[in-house]
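> Requesting a structural model of the entry that follows:
(one chain, ligands or ions: 2)
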Amino acid sequence: MFKKLFGGKSITEALGGAKIKESLTRTRNSFFGQINTLFGGETIQPDLWDDLEALLIQADVGVDTTTELVEKVKDRVQLEGITRPAQAQAILQQEMQKLLEGFAPSAVEEYRILTVILIVGVNGSGKTTTIAKLAKLYQQQGKKVVIAAADTFRAAAIDQLKVWGERIDCPVVAGQPDSDPGAVVYDALKSSFARKANILIIDTAGRLHTKYNLMKELEKLHSIASKQVHAAPHETLLVLDGTTGQNAISQAKSFKESVQITGVILTKLDGTSKGGAVFAIGKELGVPVRFIGTGEGVDDLTLFDPPTFVSGLFAV
Ligand SMILES: Nc1nc2c(ncn2[C@@H]2O[C@H](COP(=O)(O)OP(=O)(O)O)[C@@H](O)[C@H]2O)c(=O)[nH]1
Ligand SMILES: [Mg+2]
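Ligands and ions are numbered 1, 2, ... in the order given. This next block holds a predicted model:
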């Protein structure tokens, strides 16, 4: 669906990957820079593979994903009779790309009247900011967007979204603090129909009194949306803070138990040296990374594109 909304062309392609590359500066300058050095020699040293494994794990690629990846590269190097480290590195990059592409969205959804996107994630992960960025991205594609402020648990969250809405000139449907999020979603759906909007993005609470409450609430929002629009929500995107690395992965697993996630938005990639978490997400959660957050500004969101991402990790 996302490719379709962007006319089959990724935003990163349009931007030449410059933003991704810049946001990966920290990651590139630490672990992946060291990987570059590892493959910088004339011959493949016996301990290269162990060193590679250690660096990938440090970059938060995850133990299982790392082991599998390194095995694959080693096998191919042997099978293809490769002796030059630079060629081996090219294989590593190919395999990393393949890994990410394996989790690409399966089907491109057909055009529909209103696309409903539910945004979930823990507080502080970047949900609200990301919603503003996403809304702007779609507006730039000529889409009419409405935002629902269904995180009614924190009064500040509603105000924050309203401020963003004014800045990007996007209607925000909100209720009173502590009001029923389901009612907000219902109103937002009605408002989207009235405005003939193409996309409704729903902000949700990151935390309620208990995990059970949160699960029940997300289920309720789900059913309200599906009663109004066929198969809605069409996407449920989990926002994860990229700076929390492996923690983000366990958070994601916990959310997955409560709600069916169709993709991940990884934020704050600009603030971490552990961009390797992207690989673990696909492998361990079985859902694709759809967008990445590259800064605090409203334009700092890009559609995730495996080749651009991998070359951004290693580019000098
Ligand atoms: N550096 C950086 N900061 C981000 C990014 N996305 C969000 N933030 C910051 O993270 C903090 C929490 O964001 P917010 O949207 O309020 O999170 P929420 O509680 O999940 O709604 C804010 O200070 C945002 O500016 C990003 O991609 N990069
Ligand atoms: Mg918020």
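> Where do the helices of the stretch 101-250 of the chain begin and end?
127-140, 155-168, 181-195, 211-228, 246-258 (DSSP state H, counting those that start in this stretch).
> and the residue of the chain nearest ligand 2?
Thr128 (3.3 Å; C-beta to the ion). All C-beta atoms are positioned from the backbone trio N, CA, C, and that covers glycine.
> any idea how far Gln45 is from that residue?
48 Å (C-beta to C-beta, to the nearest Å).
> who's more crowded, these two?
Thr128 (25 against 12; other C-beta atoms under 10 Å).
> Could I get the contacting residues of the more buried one?
Shown in contact with Thr128 (C-beta atoms under 8 Å, 6 or more residues apart in numbering): Asp151, Ala157, Gln160, Leu161, Trp164, Asp203.
> how much space between Gly17 and Thr308?
For Gly17, the distance to Thr308 - C-beta to C-beta - is 4 Å.
> who has more neighbours, those two?
Legend: neighbour count by other C-beta under 10 Å for Gly17 and Thr308, higher for Thr308 (25 against 21).
> Test my guess that the more buried one contacts Ile20.
Yes: the pair Thr308 and Ile20 qualifies as a contact (C-beta atoms under 8 Å) at a distance of 5.3 Å.
> quick one: pLDDT of Thr12?
Thr12 carries a pLDDT value of 46.
> Pull the contacting residues for the closest residue to Asp300 other than its chain neighbours.
Distances taken as C-beta to C-beta, 6 or more residues apart in numbering place Thr294 nearest to Asp300, at 4.5 Å, with adjacent residues excluded. By C-beta under 8 Å, 6+ apart, Thr294 lies in contact with Lys19, Ile20, Glu22, Ser23, Leu269, Asp270, Asp300, Leu301, Thr302.
> Same question for Val289.
Leu100, Phe103, Gly263, Val264, Ile265, Leu266, Val278, Ile281, Gly282, Phe304.
> do Phe314 as well
Applying C-beta under 8 Å, 6+ apart, the residues contacting Phe314 are Arg28, Phe32, Ile35, Asn36, Gln89, Gln93.
> Ranking by neighbours, what's the top pick from the contacts of Thr128?
Scoring the contacts of Thr128 on neighbours with other C-beta under 10 Å, the highest-scoring entry is Asp203 at 29 neighbours.
> What pLDDT is listed against the closest residue to that one other than its chain neighbours?
In space, and not counting its chain neighbours, Asp203 is closest to Asp151: 4.9 Å by C-beta to C-beta, 6+ apart. pLDDT, Asp151: 92.
> again with Thr244
For Thr244, pLDDT reads 86.
> got it, and Gly206?
Confidence score, pLDDT, at Gly206: 82.
> With the one 3 residues further on instead?
According to the predicted model, the pLDDT of His209 comes to 64.
> next one: Glu109
Glu109 is assigned 55 on the pLDDT scale.
> Check Leu5 too.
Value for Leu5, per-residue pLDDT: 53.
> what's the answer for Val122, then?
Here, the pLDDT recorded for Val122 equals 88.
> Pull the contacting residues for it.
Here Val122 is in contact with Gly206, Arg207, Asp241, Gln251 (C-beta under 8 Å, 6+ apart).
> among the residues you listed, who's most crowded?
Asp241 (22 neighbours).
> which residues touch the closest residue to that one other than its chain neighbours?
Excluding the flanking residues, the one nearest Asp241 by C-beta to C-beta, 6+ apart is Ser125, at 4.5 Å. Counting by C-beta under 8 Å, 6+ apart, Ser125 touches Gly206, Val239, Leu240, Asp241, Ala248, Thr267.
> ok, and the closest non-adjacent residue to Gly40?
Leaving aside its sequence neighbours, Gly40 sits nearest to Pro85 (C-beta to C-beta, 6+ apart; 6.9 Å).
> Surely that neighbour and Thr37 touch.
No: counting by C-beta under 8 Å, Pro85 does not reach Thr37; the two are 10.2 Å apart.
> Neighbours of Gly124, how many?
Other residues near Gly124 number 12, with proximity taken as other C-beta under 10 Å.
> what's the closest non-adjacent residue to it?
Asp241 (6.8 Å).
> And the one you found, how close does it get to Glu95?
From Asp241 to Glu95 the distance is 27 Å (C-beta to C-beta).
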